[in-house]
Structures are given as structure tokens and as C-alpha cells.
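In: predicted model and sequence below, questions to follow.
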Amino acid sequence: MDDAQTLLQQIEDTCRRLKMAQTTFGRLAVNDGKFVSRLQQGGRTTIQTVERVHRFIEAQGGESATTLRSAIKGLRAPSPPREEFRFYGNRQKYLMFVNTTSEKQRIADRAVAEMAETQPRSPAIRFLDGGSGDGTALSRILRGMHRQRPHVPIYVVAKEISMENVRLALEKMPDRLQEHPETVLVMTNLKYGETPSLQPENPNAASAMVWQEVALEGTTAGDFEEQIAQLDPFLEKYWQATISNASGNPLYKTPVVLILYRRDHRFLLEQVIPRRGYAEAEFDFILLSQPYRARAPMEFKTSKIVTPLVRALRPNGRLMGVQSHGDNPGMEIIRSIWPGEDPFIHSTGDIMQSVAEELGIHARDYRFHDLPDDKRFFQYDVRTLPTEINDPGAIGSSTVFAAWNAASYVAQIDDARLSQVIGNDAYLEQTHSVLLKHQKLWFNDEIFVISKTPQV
């Protein structure tokens, strides 16, 4: 029996013991209802996924993960367990979160308001989105930028490591290119410190970088949609990621820069389109929305992410960071399962202080904004039907699952701990109870703003 058949046999034995459908097993074990059927059809999986399956079987009263693992010859001894969670790391959780909460809309609207405080200079407004996700916030921000300055060229760099997120973000761009033809859109998987200059720090990575420029033909959103869809093979070939042994965060296998603009506006955009090795690395506005794990060390958050991008601000430029804050009904759900849970260990004040220390004497060139609470914090909700929460019997299971997903996602609970509690309905009962208590479910985000002082 080969390894795939061994794994399938382990799953089938568990399903029979628990009287559980294979689709339910896949959804509960790895958040993928089609997981087992794909294995049966010859599909491949990763070592990390196999280990998740084994941990789930163990949590449901089956054999130990160590015993299950020993039956599969192709698995090496696991590395010591460590807590890994990235805000965009789980596809299904992320997409459910984006589509069932109002966070991305609230962030985008605040970003547009902050952008209005900048003073761009010719030839373009320069905007960097440090983690564009599926493009929900990015597309809304670009609409807001068009409203503010409908005929000013826009240079936007969107950093995203996930191929699927890049594909989803690109699907939202045709109407942006149609409405605002003076747009240069750059998608890249480079590290935060490399993104402003579009240049890898490592010489070997720089020589291996794929630089793809696409001049879109036509004038309609339909024209652009067809051509963007043709980029799928390019994304599948080059937009691959691996996991850092040091941090557990995803890293690019091949550094990629993908540039899109309208060919009929190339003459106007000639001074805006970046050139390989000659990309201007200063920006009018930089957005960092949930760019790091809440529990990550302070040094990692600032030295690897925030500080390099603060250095990439133009005079009068602004960086807006967004992170989860806690102190909301979502955390009430989480603490009913894990008492004392508190993942939000660094405030925005802590972040700015650390950035100032890393900047040293150059910190005097920046303003670290002391925002009042009504500007520093904002709430966003899990979307529900207007009358659904008023009646205990009217709250649908989909709403309860969405609320639980949002609560566990924002609190950044790793899959190993989640698998230990989803074997019974206690977590759903607690979620239902909190929904009834507050008549809705909301979360708090915390904002920090750092701007570069104007030149005298």
C-alpha cells in the first residue's frame, strides 16, 4: 500500500468510527470539503496537510498523530511545533472573513480620507498597498482616488504573496483601468523592504527576477478582462511561495514584478511606468493592513515591515497601518473557549516608538501622529440580516459559522487549537449566545499614521 492509500485508509477508518461523511471530515480537518475526493482521484497533498489530518484524527479520539505518521513512509520526523498564523494564510477563512464582514470597506474609506491629506507631485500619485489580499480594499481605494483626482495619473504597487489572491485582485481591475485610464498597476511578491524599489536585495534573486510588462489593448473593461485572464498560466508558473524556516511566513520562490497599463495611454504614462533597476522608490501614501501576526516579535514587525516602508515615504507622504485591537464581542467568544487569550500584545503606540528608535536621528524627519481615540479606533461588523439577531430561533447556522470564523480568524487561532474544539457544538453555542447578548458581532481595529515632514 502506497502512502496515499495509507492516508485514505486512515481517513476512511475515522469516518466509519465517527459515522462522519467524507466531505464533513475534509471540512473539519483541513477546511476543504472536497479534500478526500481529490485524494481518491489521485490528487497530491503536502506534508503540512497530512499532519493536520493526523492531529484532527487524534483530537477525535483516534490513534496518536505519531502512530499515524509512522505508517506513512514518505513523512520525515516533524519539526518542533510552533505557532504559525498569517492573517491571509488560510484561503477559505480569509475569503469568508472578507465577504461576511465590513472591515475592508472601513479600511478603504479611511485610507482614502488619509490620502486626501497628502500633496502628490507630478507626474503621478504614488500609492503602495503593502498586502493587497484579494483586492477588495484596493479596488475601493482606487475608486476613491478617482473621485478625488479624476484625471491625475496613478502609480500603484500592490504587494501580495498568494497567487490566488493576486488572481482575485486582478479580476477586480478591468473596470478601474477603464474608468481611470491613467493608471499604472504593479503587482509583486517581493519582500516588504524590496517592494518600493521593485528590486530584490539578494543578487541571485535579482538576477532570477521575472519582470513582465503588459500593455493592455482596447478601451473597455471587457477588453481588459480578457487579456488579464490570459495571465493565469504566467501566475501559475511564477507566483509560487515557500515557507520560511525562521519565521514560518511565506516567501517567494521566484521574485516577480507584473506591470499593467493601457497601451493607448503609454505616451502620457511614459514617466510613470517603472523600468527594471530604475524604479522610483518613494510614495505619497502607503497602506499596511494587517501585515503581520499579532503575536510576532516587535523587532520583526518593525524592522522587517513597517520601518522599511516608512523610509519609502515622499515628503508629505503618509503611511497608515491597521492592526486588530481586541476588546470586543469577538474576543468574548474566544475567551469562552480559551480563557485569558490575548493575542494583541503590541499597541500602535508601541509600534511607532519602535519605528522611531530604528530610524534613529532620522526620526526627526517624520511625524508620529497622536490620534484621538475616535480616529485611532474603528469598529466593523459581521453582516447579518436586519431582523435575524432579534429572534433566537431566527439566527441561521450560516450566520453562526460566519461569526465563529470571524472571531477565531481575528484572534489568529491556529488550526491545531481549532481542531481540538470543533468536535462538539460548544463553540457554536457560545457564539450563538454572544450574538444574542449584543444583538450583533463587531470587532475593533487600531490605526497608526506616520508622515514624512515636508522639505523646507
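Out: Looks like it came in fine.
In: every contact and neighbour count from this point should use C-alpha atoms.
Out: Fine.
In: and the residue nearest to residue 404 when sequence neighbours are not counted, its phi and psi?
Out: In this structure, residue 404 finds its nearest non-sequential neighbour in residue 431, 6.2 Å apart by Cα to Cα, 6 or more residues apart in numbering. Dihedral angles of residue 431 (phi, psi; degrees, to the nearest 10) stand at phi -60, psi -50.
In: report the contact partners of residue 431.
Out: Taking Cα atoms under 8 Å, 6 or more residues apart in numbering as the criterion, residue 431 is in contact with 333, 400, 403-404.
In: same check, this time on residue 192
Out: Each residue near residue 192 by Cα under 8 Å, 6+ apart is listed here: 130, 159, 304-305, 308-309.
In: looking at the contacts of residue 431, which is nearest residue 175?
Out: Nearest to residue 175 among those: residue 403, at 31.6 Å, using Cα to Cα.
In: and the closest one, how close does it get to residue 412?
Out: 14 Å (Cα to Cα, to the nearest Å).
In: between these two, which one's more packed in?
Out: Shown here are residue 403 and residue 412; by other Cα atoms under 10 Å, residue 403 has more neighbours (30 against 19).
In: from residue 197, how far out is residue 267?
Out: In terms of Cα to Cα, residue 267 sits 23 Å off from residue 197.
In: and those two? Which one has more around it.
Out: Remark: of residue 267 and residue 197, residue 197 carries more neighbours, 18 against 9, as counted by other Cα under 10 Å.
In: which SS class is that one?
Out: What DSSP: H, G, I helix; E, B strand; the rest coil gives for residue 197 is coil.
In: quick one: contacts for the closest residue to it other than its chain neighbours?
Out: The spatially closest residue to residue 197, leaving aside those adjacent along the chain, is residue 281, at 4.5 Å (Cα to Cα, 6+ apart). Applying Cα under 8 Å, 6+ apart, we find residue 281 in contact with 196-198, 312.
In: before we move on, which element is residue 281 in?
Out: Per DSSP states H and E, residue 281 falls between elements, in no helix or strand.
In: any idea how many residues pack against residue 221?
Out: Neighbourhood size, residue 221 [other Cα under 10 Å]: 15.
In: same question for residue 38.
Out: Using other Cα under 10 Å, residue 38 has 12 neighbouring residues.
In: which strand or helix spans it?
Out: If you go by DSSP H and E, residue 38 is part of helix 35-40.
In: what mean pLDDT does that helix get?
Out: Mean pLDDT, helix 35-40: 80.
In: kindly report the same for stretch 113-124.
Out: So the average pLDDT for stretch 113-124 ends up being 92.
In: residue contacts, residue 295?
Out: The contact partners of residue 295, by Cα under 8 Å, 6+ apart, come to 343-345.
In: of these, buried ones?
Out: 343-344 (16 or more other Cα atoms under 10 Å).
In: present the contacts of residue 295 as JSON lines; the columns should include distance to residue 21, secondary structure and pLDDT.
Out: Listed next are the contacts of residue 295 as JSON lines, based on distance: Cα to Cα, whole Å; DSSP: H, G, I helix; E, B strand; the rest coil; pLDDT from 0 to 100:
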{"residue": "343", "distance to residue 21": "34", "secondary structure": "coil", "pLDDT": "90"}
{"residue": "344", "distance to residue 21": "37", "secondary structure": "coil", "pLDDT": "91"}
{"residue": "345", "distance to residue 21": "40", "secondary structure": "coil", "pLDDT": "89"}
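In: so residue 430 sits against residue 333, correct?
Out: Yes: under the criterion of Cα atoms under 8 Å, residue 430 makes contact with residue 333 at 6.2 Å.
In: which one of the two has more residues nearby?
Out: Between residue 430 and residue 333, counted using other Cα under 10 Å, the more crowded position is residue 333 (25 against 19).
In: contact partners for that one?
Out: The neighbours of residue 333, taking Cα under 8 Å, 6+ apart as the test, are 404, 407, 427, 430-431, 434.
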